[in-house]
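Chemist: Predicted structure and sequence below. I'll ask about it afterward.
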Amino acid sequence: MSLCLQKPAEDAPTYAPEQFEPSPTANFTYKAQASTFPIQSNTALDYPAEEQGLRLNRSWQPNASYRSSTHPGGSINQKRLGSFHDNKRPEVKEWFERSAQRSVLLLNVPDGITHGDVAAVIRGGPVLEIFLRSKDNTATVSFLHEADACAFIENCRTAGLYIKDRKIHTRWSDYQFTLSGQVAHHIRKGGSRNFVIRKRDPKLTIQGIRDDLEHIHNLHVISIEFEKDNCFISTNAIHGAIYARTCLQSRIEYRASRIEWCADECAQPFQSMSSAIHNLVPNVKTQRSVIPAHPSRKNLMGNRFQLLDLSDSDGSNGDDSSDDSF
């Protein structure tokens, strides 16, 4: 049986069998193209990164995930920390130390002392907490910044600290106050031990406000003062004030009001406290100025028995002072 094979066309050219040989390896040299945009580095300009508003991220991880600009929340125009937004200044957050040497122990405090008595003599920086221990006659004052606590101890050593005419000794406390992240967040927004109720309800009373805050643990209300339609409240601790402010905002009586933070009086400089103490001391020069410049006729008349008086008051005072000097 014969096979039917297709005959090639007569006009079709014949081709030689193709042979494939490996081509020689081509060597390419890459030459980086010089950029037309000048690149300026911080070191070339001799400016540190901090002065240019840059913050070096030394904790960068190569496996970190990044979101594109098309991802929700990942837009290029999204406001970030340190970036300009609507022609405003860059947002700068203040950082606080979580653990620091900030708690000062006050020794030899008088009996029956209150938190208000301690707050009245504390100056130099914002205070986080005032804690009293009556059985030990001690009080602990925790500052926000460690530098303020150091300056307060140094000022007490040089100028002295007195509460109810008793000298108070200071030293570092064995238990230091630890600042939590939630408290630090409120401090960045202006939080302190004190807050004010704007546009208060006229029916509110001081005792009523104290009753509303009585259930808060370790919260001591130092003072409540009314000024027109405002109510200023001072407490012993900032974390207690945060909880108290949140609690009042949830009550019906305070929903029509606006509760804001107000400044801490302990953040005043030391000069304000020294001047207040100086005003309590009687001014001798002022009392002497009351004496008339021209003596009266009665004072001009001398006492003829003055030479025989051996119990002169001026002389006795001088003798007592000389005896005390020895």
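Modeler: It's in. Numbers count the residues shown, from 1 in each chain.
Chemist: And the strands in the stretch 151-300 of the chain?
Modeler: Remark: strands assigned in the stretch 151-300 of the chain by DSSP state E, counting those that start in this stretch are 162-163, 166-167, 169-172, 194-198, 221-227, 230-235, 258-261.
Chemist: Kindly format the C-alpha coordinates of the last one as PDB.
Modeler: Listed next in PDB are the C-alpha coordinates belonging to strand 258-261 (Å, rounded to 0.1, in the frame of the first residue of the first chain):
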ATOM      1  CA  ARG A 258     -18.600  74.200  79.300                       C
ATOM      2  CA  ILE A 259     -15.900  72.700  81.500                       C
ATOM      3  CA  GLU A 260     -12.400  73.900  80.700                       C
ATOM      4  CA  TRP A 261      -9.000  73.500  82.200                       C
END
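Chemist: List the neighbouring strands of it plus their orientation.
Modeler: strand 194-198 (antiparallel) (DSSP bridges).
Chemist: try the first one
Modeler: Strands adjacent to strand 162-163 in the sheet, as given by DSSP bridges, are strand 166-167 (antiparallel).
Chemist: One more: the third one?
Modeler: Sheet partners assigned to strand 169-172 using DSSP bridges are listed as strand 103-107 (antiparallel).
Chemist: Please apply the same query to the fifth one.
Modeler: Counting by DSSP bridges, the strands paired with strand 221-227 are strand 230-235 (antiparallel).
Chemist: Give me the neighbour count for residue 116.
Modeler: When neighbours are defined as other Cβ atoms under 10 Å, residue 116 has 14 of them. (Each C-beta comes from the backbone N, C-alpha and C, glycine too.)
Chemist: Check which helix or strand it maps to.
Modeler: In this structure, residue 116 is located in helix 115-121 according to DSSP states H and E.
Chemist: and that helix, what's its mean pLDDT?
Modeler: Confidence over helix 115-121 (mean pLDDT, whole number) is 96.
Chemist: Identify all contacting residues around the helix or strand that it is followed by.
Modeler: With elements assigned by DSSP H and E, the helix or strand that comes after helix 115-121 is strand 127-133. Defining contact as Cβ atoms under 8 Å, 6 or more residues apart in numbering, one finds that strand 127-133 is touched by 102, 109, 113-115, 118-119, 122, 138-144, 177, 179, 183, 193, 236-239, 264, 266-267.
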